[in-house]
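Participant: sequence? don't have it. structure:
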């Protein structure tokens with residue numbers, strides 16, 4: 001099936017239950033990340049700038065995620081994507097080396113804020129955007145030498161979704177995808193790994209690019225073909241779902257590449273019943289790109305997000321990496337810094353070879369008494385083969401959302417997300433009111 005035919009014809013009835021389960025989990029997970037992200041400097045700057053540069057018009061207006069102020073559709077999508085991307089804990093896809101929900105959710109929330117939708121509509125649009133984004137991302141990684149951010153390929157999924165939402169025909173959807181592909185931010189991911197800043201994963205430009213592409217196509221602008229919407233990764237479209245096989249969830253708010261090392265360190269601390277005071281040094285063997293995270297002494301939230309030694313040290317010292325570990329004072333914690341600075345990263349050829357579509361690491365802890373505790377090579381929790389439970393997703397959501405929304409509103413939002421696809425239009429509007437308003441505790 002051609003991409004544009006899939007996007008134009010997909011119906012709620014065609015969505016398997018396992019697709020709906022992923023969408024429900026991703027919605028809850030993404031909104032929890034957005035809630036805590038709304039308190040970051042990156043989100044504040046992104047939302048303020050979106051309103052300044054992409055303000056609302058009589059033809060285009062939507063509220064910004066967890067802010068309540070109004071911008072254009074593209075502006076609200078930009079603000080929301082930067083809000084979610086500001087806390088590196090959102091869902092992802094390891095085969096694409098990136099994230100789709102951080103662009104798709106804010107784009108669709110903006111579109112939904114100015115038109116009536118049911119939960120079934122919302123689920124259908126999410127499913128087509130995720131699936132198109134994932135397949136475009138896989139194709140882009142195959143045909144492009146450079147490693148581009150998720151904004152590059154989520155722009156294509158958001159473009160197709162937007163075109164479908166606003167009533168485009170299959171040919172116009174084809175044009176929209178081509179426009180989104182051409183104008184999507186082909187930003188250099190490894191530059192942000194080597195020099196972490198607020199540019200992050202590029203979705204802050206991918207989401208508004210996709211929305212704009214949809215409206216350009218509706219108005220007659222041409223841009224087809226989308227070269228990433230053809231090839232072997234598109235076989236089985238509409239029959240099999242990359243959305244189900246490739247979506248992972250993060251237990252920790254930092255780059256996914258650090259997660260197998262964090263999990264390995266946590267297991268070693270528990271298995272050997274040791275405290276951080278006993279640890280003298282750490283050795284991490286992992287794949288090449290992960291060693292470029294480094295981050296022995298991060299000085300900003302962005303450097304923390306794209307580090308590996310420091311988050312591992314956080315886990316060793318505190319036994320967790322949550323909102324408290326994102327606080328600025330954590331970056332100055334002397335015991336975490338001691339262990340982080342005593343951490344050696346080793347570029348392991350074998351782990352690099354097998355870290356294709358999966359992420360691997362092996363950790364050794366050297367204790368003060370001379371003992372060495374070594375983990376086996378492992379991949380991270382949250383992948384399909386080691387999934388987070390619904391209870392763990394819920395716990396993470398409340399950890400992030402409760403302090404921002406209040407326990408009662410967080411519980412209401414969780415209930416709405418649990419079966420969002422069954423909400424009628426007023427029910428979906430209730431969900432929108434919670435997430436497109438400024439939190440009031």
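Facilitator: Sure, I can see it. As the structure is a computational prediction, the values presented were derived from the model and not from experiment. Numbers count the residues shown, from 1 in each chain.
Participant: C-alpha from now on. contacts and neighbour counts both.
Facilitator: Noted.
Participant: In which helix or strand does the residue lying closest to residue 234 once chain neighbours are set aside reside?
Facilitator: Distances taken as CA to CA, 6 or more residues apart in numbering place residue 135 nearest to residue 234, at 6.4 Å, with adjacent residues excluded. Secondary structure assigned from DSSP states H and E places residue 135 in helix 119-143.
Participant: buried residues in that helix?
Facilitator: For helix 119-143, burial by neighbour count (16 or more other CA atoms under 10 Å) applies to 119-141.
Participant: Give me the helices and strands touching that helix, please.
Facilitator: Applying 3 or more CA pairs under 8 Å, 6 or more residues apart in numbering; DSSP states H and E, we find helix 119-143 packed against helix 3-9, helix 17-37, helix 101-113, helix 150-165, helix 242-246, helix 425-435.
Participant: Could you tell me which residues within the first one count as buried?
Facilitator: Meaning helix 3-9. Applying a neighbour-count criterion of 16+ other CA under 10 Å, one finds 3, 4, 6, 7, 8 buried in helix 3-9.
Participant: Same check on the longest one?
Facilitator: Within helix 17-37, the residues that qualify as buried are 19-20, 22-37, counting by 16+ other CA under 10 Å.
Participant: And for this structure, the residue most distant from the center?
Facilitator: residue 369 (41.2 Å; CA atoms, centre = their mean).
Participant: Who are the contact partners of the residue nearest to that one when sequence neighbours are not counted?
Facilitator: Among residues not flanking residue 369 along the chain, residue 278 sits closest, at 7.8 Å (CA to CA, 6+ apart). Residue 278 makes contacts with 367, 368, 369, as judged by CA atoms under 8 Å, 6 or more residues apart in numbering.
Participant: before we move on, back to that, please report the distance of the residue farthest from the centre of the chain from residue 312.
Facilitator: 21 Å (CA to CA, to the nearest Å).
Participant: quick one: contacts for residue 299?
Facilitator: By CA under 8 Å, 6+ apart, the residues touching residue 299 are residue 331.
Participant: State the phi and psi torsions of it.
Facilitator: Here is the backbone geometry of residue 299 (degrees, to the nearest 10): phi -110, psi -10.
Participant: okay, now the residue nearest to residue 64 when sequence neighbours are not counted: neighbour count?
Facilitator: Computed as CA to CA, 6+ apart, the closest residue to residue 64 that is not its neighbour in sequence is residue 76, at 4.8 Å. Neighbourhood size, residue 76 [other CA atoms under 10 Å]: 35.
Participant: so which helix or strand takes in residue 76?
Facilitator: Using DSSP H and E, residue 76 sits in helix 73-85.
Participant: list the helices and strands the following helix or strand past that helix packs on?
Facilitator: Counting by DSSP H and E, the next helix or strand C-terminal to helix 73-85 is strand 92-93. Judged by 3+ CA pairs under 8 Å, 6+ apart, strand 92-93 is in contact with strand 247-248.
Participant: for the strand it packs on, packing partners?
Facilitator: For strand 247-248, the packing partners by 3+ CA pairs under 8 Å, 6+ apart come out as strand 92-93.
Participant: can you give me the offset of the strand it packs on from its chain's centre?
Facilitator: 7 Å (CA atoms, centre = their mean, to the nearest Å).
Participant: what's the average pLDDT for that strand?
Facilitator: The pLDDT scores in strand 92-93 average 98.
Participant: cool, stretch 137-146 as well?
Facilitator: Averaged across stretch 137-146, the pLDDT comes to 95.
Participant: Ok, stretch 286-306 next?
Facilitator: For stretch 286-306, the per-residue pLDDT averages 95.
Participant: Okay, buried residues for that stretch please.
Facilitator: Applying 16+ other CA under 10 Å to stretch 286-306 flags 286-288, 290-298, 301-306 as buried.
Participant: Helices - which of those land there?
Facilitator: Of these, the ones assigned to helices by DSSP state H are 288, 290, 291, 301, 302, 303, 304, 305.
Participant: Poorly predicted segments of the stretch 301-441 of the chain, please.
Facilitator: Counting by pLDDT under 70, the stretch 301-441 of the chain contains low-confidence ranges at 441.
Participant: Next one: residue 418 from residue 65, what distance?
Facilitator: Relative to residue 65, residue 418 is positioned 20 Å away (CA to CA).
Participant: neighbour count winner among these two?
Facilitator: Under the criterion of other CA under 10 Å, the comparison of residue 418 against residue 65 puts residue 65 first, with 33 against 15.
Participant: Alright, that wraps it up for me.
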